[in-house]
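Enquirer: Predicted structure and sequence below. I'll ask about it afterward.
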Amino acid sequence: MTKEQIRDAILEIIAQIIPDEDLSNLKGDIPIREQVGLDSMDFLDIIMELRKRYGIEVPEDDYMQLATLDGCVAYLDPRMREL
Amino acid sequence: MSQDRSDDVRSDYDVIIIGSGLAGLTCANMLARGGRSVLLLEQHHNLGGLATWFERKGHVFDVALHGFPVGMVKTCRKYWTPEIAGMIVQLKGIRFDNPQFSFTTTYDREDFTGILEQRFKIPRENTESFFDAARNMSFYDDQSMTTRELLERFFPGRDDVHRMLMEPIAYANGSTLDDPAISYGIVFSNFMSKGVYTVQGRTDRFVGKMREELLRNGVHVRTKCLVNKIIIEEGQAESKRAAGVMANGKAIRSKAVVSNGNLLSTIHELVGDEHFSKGFVAEGKKVRLNNSSCQVYIGIRKGERIDYIGDLLFTSEAEKFDSQELCSRNTTSRTFSVYYPSTRPGSDMYSIVASSNANYDDWANLSEDAYRASKEELIQRTLDALEKYVPHIRDKVDHLEAATPKTFQRYTLHASGASFGTKFEGLKVSRGLPKEIRGLFHTGSVGIIMSGWLGAANYGVIVANDADRFLSSGAANV
């Protein structure tokens, strides 16, 4: 997957978890939780979806790296590039 | 629909879940949805754990789910079904009545701020900054500050305000003024933003829908199936792993085991101290259980009616809020959950469940006669208190029954009848279990934060994620 596809994949997962939120103006460098109503359980849902859809394991110690959209792409790129 | 036969269970599962409290149920559902083969075992004939009910003379008494935060709607929608989420409704009449204050509220942030300003003369800014501080608390904050200190910081010398802010939480999860402020802050900010919610219809229907969903997702459900032991095997390099359970005397194997039993009985009885490191057992011994409960179930005779007196009443005759008074055998502090026909569409019956916090030791060591007399006294004191809100209550009643910590112990098998799991330190021990024994997990009310109905259900999801990760890792096959 390209970085652009990875970003779209993450947005698709988030859209499924919080269907009522508008994600069109989500800024990449600001924590997602500061921009939309995403609580800690929603965040866990993202982690679970990544495993279910792409077989990616995110250890708890790495959760902080997924706080922003840019952070997600940077973290997932080496893990999803070959998908 | 009793499914108590264990002869048709398979001999091998991905996961066996012991206990079907809301955490165990939700954990089972999430794992099954993820394609895992799941066996859910419950010793009682109903699923639900403490989220239970019973029938007497046409009355259905709900033992729990008397009030929870709005977050439960989202949790049920995401981890169960929209239909189950749709059974949740707001309780609009939350009534406080004690020597310090008396009023009815919707118990949301807006309403509360107004009441604090008008009745208690607390400037709006003070309340706002308190709410913000509570909401911004996280698990990583300082754990040494107590709830008492937090309340004193924002409302110095105002034990009436402390009472209003503390009392409902004490009933929701057994916490006291001496527990860490962060656990209070996290629960409080969840609870207080949008009011108190319950299940419309009855607990049996709510849990019944969950059962249907579990079966749809392929979970094997067995009730009246008591697990005596978790099977522990030696793995590579002296490591240990959970390999299944002994249930009703029969071995059933699995790659992972999730216990939704009480944390302490999971460690000391289901597994056994000999399988853990000395350090872990020592840490486990330090975990304090939360208190238990007493309840009085009051059935109103068919044809009788009672006027609307509120949905959930927090009542007390104690001059001041006192965590010890709250649990004492002669406490005057109790909640009344009032069920009107409107709370249960299709029914024309009224019932009331009175709940108070209680200590197991105050009830466990009574002689049989003293125990019976104490139960009767509990019923009569409760009716005396209720008389104030429902005049001539004794003339309207056709069923009275009491439950004590011994009753809770008997039906849930929780050590000391604990009705809110463990204190704060239990969370770390619960989370530490898989590091001691591979493939062994615990979920349920622990550490206040993962407590109350919403906390328990969410903790079920968190542990489902842990177990699923373990099963994916390949470690499960070693």
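Expert: Ah, there it is.
Enquirer: what does the lowest-mean-pLDDT helix or strand in chain B rub up against?
Expert: Lowest by mean pLDDT, DSSP states H and E among the helices and strands of chain B is helix B:181-192, with a mean of 80. Residues outside helix B:181-192 that contact it (Cβ atoms under 8 Å, 6 or more residues apart in numbering or on different chains) are B:69, B:71, B:107-109, B:112, B:131, B:133-135, B:137-139, B:141-143, B:145-147, B:149-150, B:165-166, B:168-169, B:172-173, B:175, B:424, B:447-449, B:451-452, B:454-455. C-beta: built from backbone N, CA, C; applies to glycine.
Enquirer: if we go to 6 Å?
Expert: Outside helix B:181-192, the residues that touch it by Cβ atoms under 6 Å, 6 or more residues apart in numbering or on different chains are B:69, B:71, B:109, B:134-135, B:137, B:141, B:145-147, B:150, B:169, B:424, B:448-449.
Enquirer: Tell me how far the residue of the stretch 151-300 of chain B found nearest chain A lies from B:Gly71.
Expert: Nearest to chain A, among the residues of the stretch 151-300 of chain B, is B:Asn190, at 9.6 Å (Cβ to the nearest Cβ). Using Cβ to Cβ, to the nearest Å, B:Asn190 is found at 6 Å from B:Gly71.
Enquirer: Repeat that for B:Ala403.
Expert: When B:Ala403 is compared with B:Gly71 (using Cβ to Cβ), they lie 28 Å apart.
Enquirer: And what about the residue with the largest distance to the centre of chain B, helix, strand or coil?
Expert: Outermost residue of chain B with respect to the C-alpha centroid, by Cα atoms, centre = their mean, is B:Ala237; its distance is 39.1 Å. With DSSP: H, G, I helix; E, B strand; the rest coil as the basis, B:Ala237 sits in helix.
Enquirer: hang on, the earlier thing: what about the residue of the stretch 151-300 of chain B closest to chain A, how many neighbours?
Expert: By the criterion of other Cβ atoms under 10 Å in any protein chain shown, B:Asn190 has 22 neighbours.
Enquirer: again, but for B:Gly272
Expert: 13.
Enquirer: which residues sit in contact with it?
Expert: B:Gly272 touches nothing, counting by Cβ under 6 Å, 6+ apart.
Enquirer: can you check B:Lys406 too?
Expert: B:Trp363.
Enquirer: What are the buried residues along the helix or strand it falls within?
Expert: Assigned by DSSP states H and E, B:Lys406 belongs to helix B:405-412. For helix B:405-412, burial by neighbour count (16 or more other Cβ atoms under 10 Å in any protein chain shown) applies to B:Pro405, B:Lys406, B:Thr407, B:Phe408, B:Gln409, B:Tyr411, B:Thr412.
Enquirer: Mind picking the one among those residues that's closest to A:Glu82?
Expert: B:Thr412 (49.3 Å; Cβ to Cβ).
Enquirer: Look up how far B:Asn260 lies from the residue nearest to that closest one when sequence neighbours are not counted.
Expert: Among residues not flanking B:Thr412 along the chain, B:Leu50 sits closest, at 5.8 Å (Cβ to Cβ, 6 or more residues apart in numbering or on different chains). B:Leu50 sits 11 Å away from B:Asn260, going by Cβ to Cβ.
Enquirer: Next: B:Leu427.
Expert: Taken as Cβ to Cβ, the span from B:Leu427 to B:Asn260 is 15 Å.
Enquirer: which of the two has more neighbours?
Expert: B:Asn260 (30 against 22).
Enquirer: my guess is the more buried one contacts B:Val15, does it?
Expert: No - judged on Cβ atoms under 6 Å, B:Asn260 makes no contact with B:Val15 at a distance of 11.7 Å.
Enquirer: Based on its surroundings, how many neighbours for the closest residue to B:Ile309 other than its chain neighbours?
Expert: Leaving aside its sequence neighbours, B:Ile309 sits nearest to B:Tyr389 (Cβ to Cβ, 6+ apart; 4.6 Å). Neighbour count of B:Tyr389, defined by other Cβ under 10 Å: 18.
Enquirer: quick revisit: can I get the buried residues of helix B:405-412 in TSV with distance to A:Leu66 and pLDDT?
Expert: Shown next, in TSV, are the buried residues of helix B:405-412 (distance: Cβ to Cβ, whole Å; pLDDT from 0 to 100):
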residue	distance to A:Leu66	pLDDT
B:Pro405	44	97
B:Lys406	48	97
B:Thr407	46	96
B:Phe408	41	95
B:Gln409	43	94
B:Tyr411	42	93
B:Thr412	38	91
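Enquirer: Can you tell me which of those residues is closest to B:Asp361?
Expert: B:Pro405 (8.4 Å).
Enquirer: B:Asp362 versus that closest one, what's the distance?
Expert: From B:Pro405 to B:Asp362 the distance is 8 Å (Cβ to Cβ).
Enquirer: With A:Thr2 instead?
Expert: Taking Cβ to Cβ, one finds A:Thr2 at 66 Å from B:Asp362.
Enquirer: These two - which one has more neighbours?
Expert: Neighbour count, other Cβ under 10 Å: between A:Thr2 and B:Asp362, B:Asp362 has more, with 17 against 10.
Enquirer: what's the pLDDT at the more buried one?
Expert: On pLDDT, B:Asp362 comes in at 96.
Enquirer: if I look at it, how far off is B:Ser374?
Expert: Relative to B:Ser374, and taking Cβ to Cβ, B:Asp362 is found at 9 Å.
Enquirer: Could you chop chain B up by domain?
Expert: B:12-52+B:204-288+B:420-477, B:110-191, B:291-412 (automatic domain parsing).
Enquirer: Point out the most buried one among those domains.
Expert: Of all those, domain B:12-52+B:204-288+B:420-477 carries the top mean neighbour count, a mean of 21, counting by mean count of other Cβ atoms under 10 Å in any protein chain shown.
Enquirer: Return the residues of chain A in contact with chain B.
Expert: A:Met41, A:Met48 (Cβ under 6 Å from any Cβ of the partner chain).
Enquirer: Run through chain A and note the low-pLDDT ranges.
Expert: Scanning chain A for pLDDT under 70 picks out no residues.
Enquirer: Helices of that one, start to end?
Expert: A:3-17, A:32-35, A:40-54, A:69-80 (DSSP state H).
Enquirer: okay if I get those helices as CSV plus distance to B:Ile232?
Expert: CSV is the format used below for these (distance: least, Cβ to Cβ, whole Å):
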stretch, distance to B:Ile232
helix A:3-17, 37
helix A:32-35, 40
helix A:40-54, 27
helix A:69-80, 34
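Enquirer: quick one, phi/psi of B:Lys396?
Expert: phi -100, psi -10 (degrees, to the nearest 10).
Enquirer: nope, B:Trp53 is what I was after
Expert: phi -160, psi 160.
Enquirer: can you check the one 3 residues further on too?
Expert: Phi and psi for B:Arg56, reported as degrees, to the nearest 10, are phi -140, psi 130.
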